[in-house]
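> give me coordinates for this.
(4 chains)
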2 protein chains.
Amino acid sequence: MYNAIKILVVDDEERIRRLLKMYLEREEYMIDEAENGDVALTKALENDYDLILLDIMMPGKDGIEVCRELREKKTTPIIMLTAKGEEVNRVQGFEVGTDDYIVKPFSPREVVLRVKALLRRSSSTSYMQTETTAKDVIVFPHLTIDNDAHRVLADNKEVSLTPKEYELLYFLAKSPDKVFDREQLLKEVWHYEFFGDLRTVDTHVKRLREKLNRISENAAKMIVTVWGVGYKFEVVND
Amino acid sequence: MYNAIKILVVDDEERIRRLLKMYLEREEYMIDEAENGDVALTKALENDYDLILLDIMMPGKDGIEVCRELREKKTTPIIMLTAKGEEVNRVQGFEVGTDDYIVKPFSPREVVLRVKALLRRSSSTSYMQTETTAKDVIVFPHLTIDNDAHRVLADNKEVSLTPKEYELLYFLAKSPDKVFDREQLLKEVWHYEFFGDLRTVDTHVKRLREKLNRISENAAKMIVTVWGVGYKFEVVND
DNA sequence: TTTTTTTGTGACAAAATGGTGAAAGGTTCA
DNA sequence: TGAACCTTTCACCATTTTGTCACAAAAAAA
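Residues are numbered from 1 along each chain as shown, chains lettered A, B, ... in the order given. Have a look, this model is predicted:
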């Protein structure tokens, strides 16, 4: 099964784990198990689970502690399983960073509902994409330009560019396959009224290629010299 | 005054009670006082307070005990007043059913802020608790911003920020991976019509980083300078 | 091939920019 | 009111970025 939603079930009681697993697998989720806090933490850090069902009461490292420690590294959605009413306060009280809780004894149907609800919420709410605003991102093979973050990724690794380098690349990439001569580039990217040295453009192209090339040869190849005219951005076939 | 919001202030020190009463009356709340645990409990059970400010350290029945006993009968929102350090754990450690806490010595501004936030939360939440409540909490690895309580936790330790520092951080964190130039920040965070010195932003960023860094290097790293443009909030990989 | 034109490149000084500490101006509070 | 705190401004400094040039390399033309 590809792209399956992965859920980690953490409880010291084998019976409970088996129960949860059964119901959740019926919903096509992929279930992983952990029988104590330490195992849970290890697994949660190593894998990117879509959700974690976490019992509070466990010998050794308890659920709240696991939650705390995990939150220092990840924001995986967590649903707490609590034995009694009282415990709810502990979870609900402050900033443990849980997303929901379920009180035992729970009905399997309820668990499934909560899991679905939380998955729905977190897939749309996660901090990665809080805003509904359309993002300004240009994606090419080997090269991504995120204009919101002012970030350039070549083969998924960040390329650190200076402002002018960035603007030049962004300008060219906005109009792929279109050639610009040096005058146009000075006017559009440099916003000069009257021109400086046309060769300034060359120098920046040089530096840009250099930085891209350091990370991805393919990305660098996309800035193409058009002899006698200027430069253009072009998607090349490897 | 009809429909006034009633708050019970519990502390054995007369000075503290007077102080709290002063701040809160300025906000049009109706204040009642109790100088020890037993009186507090009696009053709290007889009246329907909208909120209780409860000191932990008191001769006789202490705050935690009062809270416990009260919780058997009522769900009145409670903010704990704690002296330094250790005590926070007892409250924050989720043993009791408190809703928020304030560490002494407190700033009046903070008290009023917390009181307002908790009143807002508990009035809209009624008995439906977690389900419908849209909590305004942003969680990142190493950093949590609880906009309800106006509290920032870096690696689960509280960071005490000034109002401007807090607003700046919150604003940036609300839109991760988005760069804002200094003008935008002045406009959005400072609400300036006409601009002041753009470098004011730098100074605040400096102090914000300083405070975060004092507690968590990883948290501080999330405020990223984008050279030639401005600042952004970004989740970094260690 | 040789010559001419155009582009790539390294070096370097000038300019721009952000970090920072201190001081001045405001605000809040006991 | 004065003290403590917060905010803003400013000037200095280190660092980064930029524009320019001279020369090497490459491509086109003769």
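
> list the contacts of A:Asp146.
Taking C-beta atoms under 8 Å, 6 or more residues apart in numbering or on different chains, we find A:Asp146 in contact with A:Lys135, A:Asp136, A:Val137, A:Val152, A:Leu153, B:Asp177. Using the backbone N, CA and C atoms, a C-beta is placed for each residue, glycine as well.

> by mean pLDDT, which helix or strand of chain A comes out lowest?
When the helices and strands of chain A are scored by mean pLDDT, DSSP states H and E, helix A:85-93 comes last with a mean of 53.

> next SSE downstream of it?
Heading C-terminal from helix A:85-93, the first helix or strand you meet, by DSSP states H and E, is strand A:100-103.

> tell me what the helix or strand following that following strand is packed against?
Where DSSP H and E defines the elements, the next helix or strand beyond strand A:100-103 is helix A:108-125. Under the contact criterion of 3 or more C-beta pairs under 8 Å, 6 or more residues apart in numbering or on different chains; DSSP states H and E, helix A:108-125 touches helix A:14-25, strand A:51-55, strand A:78-82, strand A:100-103.

> centre of the chain to helix A:108-125, how far?
Averaged C-alpha coordinates place helix A:108-125 at 20 Å from its chain's average position (C-alpha atoms, centre = their mean, to the nearest Å).

> now it and strand A:78-82, what's the angle there?
With axes from the mean of the first three to the mean of the last three C-alpha atoms, to 10 degrees as the criterion, the two stretches helix A:108-125 and strand A:78-82 enclose an angle of 150 degrees.

> on that earlier part again, of all the helices and strands packed on helix A:108-125, which one is nearest chain B?
strand A:100-103 (6.8 Å; C-beta to the nearest C-beta).

> partner strands of the closest one, with direction?
For strand A:100-103, the paired strands and their directions (DSSP bridges) read strand A:78-82 (parallel).

> pull out the buried positions in the helix or strand in which A:Leu41 is found.
A:Leu41 is part of helix A:37-46, with elements assigned from DSSP H and E. Within helix A:37-46, the residues that qualify as buried by neighbour count (16 or more other C-beta atoms under 10 Å in any protein chain shown) are A:Gly37, A:Val39, A:Ala40, A:Leu41, A:Lys43, A:Ala44.

> quick one: stretch A:45-65 to chain centroid distance?
In terms of C-alpha atoms, centre = their mean, the centre of stretch A:45-65 is set 22 Å apart from its chain centre.

> buried residues, that stretch. List them.
Applying a neighbour-count criterion of 16+ other C-beta under 10 Å, the buried positions in stretch A:45-65 are A:49-58, A:61-65.

> what's the first-to-last distance across that stretch?
Between the opening and closing residues of stretch A:45-65 lies a distance of 14 Å (C-alpha to C-alpha, to the nearest Å).

> over to the residue in chain A positioned nearest to DNA strand C. Which of the three states is it?
With distances taken as C-beta to the nearest atom of the strand, chain A approaches DNA strand C most closely at A:Thr225, which sits 3.6 Å away. Three-state call for A:Thr225 (DSSP: H, G, I helix; E, B strand; the rest coil): strand.

> tell me the pLDDT of it.
According to the model's per-residue confidence, A:Thr225 sits at a pLDDT of 97.

> now swap in the one 10 residues further on and tell me
A:Val235 carries a pLDDT value of 91.

> give me the nearest residue to it, chain neighbours excluded.
For A:Val235, the nearest residue in space outside its immediate sequence neighbours is A:Phe140; the separation is 5.6 Å by C-beta to C-beta, 6 or more residues apart in numbering or on different chains.

> for that neighbour, give me the pLDDT.
Predicted confidence (pLDDT) for A:Phe140: 95.

> same thing with the one 10 residues further on?
Each residue has a pLDDT score; the one for A:His150 is 96.

> my guess is it contacts B:Val229. True?
Yes. A:His150 is within contact range of B:Val229, at 5.8 Å (criterion: C-beta atoms under 8 Å).

> which neighbours do those two share?
Shared contacts of A:His150 and B:Val229, counting by C-beta under 8 Å, 6+ apart, come down to B:Val179.

> please say which of those two ends up with more neighbours.
A:His150 (22 against 15; other C-beta atoms under 10 Å in any protein chain shown).

> so what's that one up against?
For A:His150, the contacting residues are A:Tyr166, B:Val179, B:Val226, B:Val229, B:Lys232, by C-beta under 8 Å, 6+ apart.

> pLDDT weak spots in chain A?
Regions of chain A meeting the criterion pLDDT under 70 cover residues A:1-3, A:84-97, A:123-133, A:193-194, A:237-238.

> what does chain A have sitting close to DNA strand C?
Taking C-beta under 7 Å from any atom of the strand as the contact definition, chain A meets DNA strand C at A:163, A:199, A:202-203, A:205-206, A:209-210, A:225-230.

> which of those lies closest to B:His191?
When those are compared for distance to B:His191 (C-beta to C-beta), A:Pro163 comes out closest, at 27.5 Å.

> what sits against the closest one?
In this structure, A:Pro163 makes contact with B:Trp227, B:Gly228, B:Val229, judged by C-beta under 8 Å, 6+ apart.
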